[in-house]
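Novice: Quick one, what's the 3D model for this:
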Amino acid sequence: MNTLQLKLMRREGMGRLQDADLLSGLSDVEETSNSDYLLRLLALELLLKCLCLASGCDENKVHGHKYGVLFKMLPEPTKDEFLRLAAARLGPSGLTSDLEQVFADLSANFIDLRYPYEKYKGLDERRHIELGDEWIAAGAPLETATFRFHPQELYGLNHALAVMTLPFAWE
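Specialist: Just a heads-up that it's a prediction; the model follows:
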């Protein structure tokens, strides 16, 4: 992977974060769309792949949307620095208690939130509302949630990646 490609990857990832910031600032979008979150997930993927490639990972293996697999490809010192930088932006979080699940949830969200209505195929509106009410009445257990968001962890991971890929910023 040449330096130009890494710079282009970083530029695209950082651009997605800027776009997400713009969208999240629009009050009417927040309640009807997950587009800003999807852009943050896309940024995570682009920046994580950039870091993988910059760290010497096999270019033929750096593909797909499984963020945990990409993370595991990183050299140990890079992983440690990545998590240190990400955790520094957060308090206690899933990054320290359940990293694999956080990556799995983020990966699933990247795929499933593009077409979230597919998760509710075969339901009518009444049953959809009942399921939500039943889930809340049960205490909203995370293990049974249709989607598990990790906005703080995503913020920390993207921050760490922005810092770690800074050598590939446009001059």
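Novice: Which residue lies nearest the spatial centre of this protein?
Specialist: Centroid check for the chain by Cα atoms, centre = their mean gives Leu41 as the closest residue, at 3.5 Å.
Novice: After the helix or strand where that residue lies, which helix or strand is next? Please name it.
Specialist: Applying DSSP states H and E as the criterion places Leu41 in helix 35-54. Downstream of helix 35-54, the next assigned helix or strand under DSSP H and E is helix 67-73.
Novice: Just the C-alpha atoms of that next one, please, in CSV.
Specialist: Listed next in CSV are the C-alpha coordinates belonging to helix 67-73 (Å, rounded to 0.1, in the frame of the first residue of the first chain):
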residue,chain,number,x,y,z
TYR,A,67,-13.8,-4.7,13.0
GLY,A,68,-12.7,-7.2,15.6
VAL,A,69,-10.9,-9.2,12.9
LEU,A,70,-9.2,-6.0,11.6
PHE,A,71,-8.2,-5.0,15.2
LYS,A,72,-6.6,-8.5,15.8
MET,A,73,-4.4,-8.0,12.7
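Novice: just to revisit the earlier point, how about the contacts made by the residue lying closest to the residue nearest to the centre of the chain once chain neighbours are set aside?
Specialist: Excluding the flanking residues, the one nearest Leu41 by Cβ to Cβ, 6 or more residues apart in numbering is Phe110, at 4.4 Å. (Glycine included, C-beta is placed from N, CA and C.) Shown in contact with Phe110 (Cβ atoms under 8 Å, 6 or more residues apart in numbering): Leu38, Leu41, Leu42, Glu45, His65.
Novice: Pass me the low-pLDDT residue ranges in this structure, would you?
Specialist: The chain contains residues with pLDDT under 70 at 1, 26-32.
Novice: Counting residues, name the longest helix you see in it.
Specialist: helix 3-24 (DSSP state H).
Novice: tell me the residue furthest from the middle of the chain?
Specialist: Most peripheral residue of the chain (Cα atoms, centre = their mean): Arg126, 31.3 Å.
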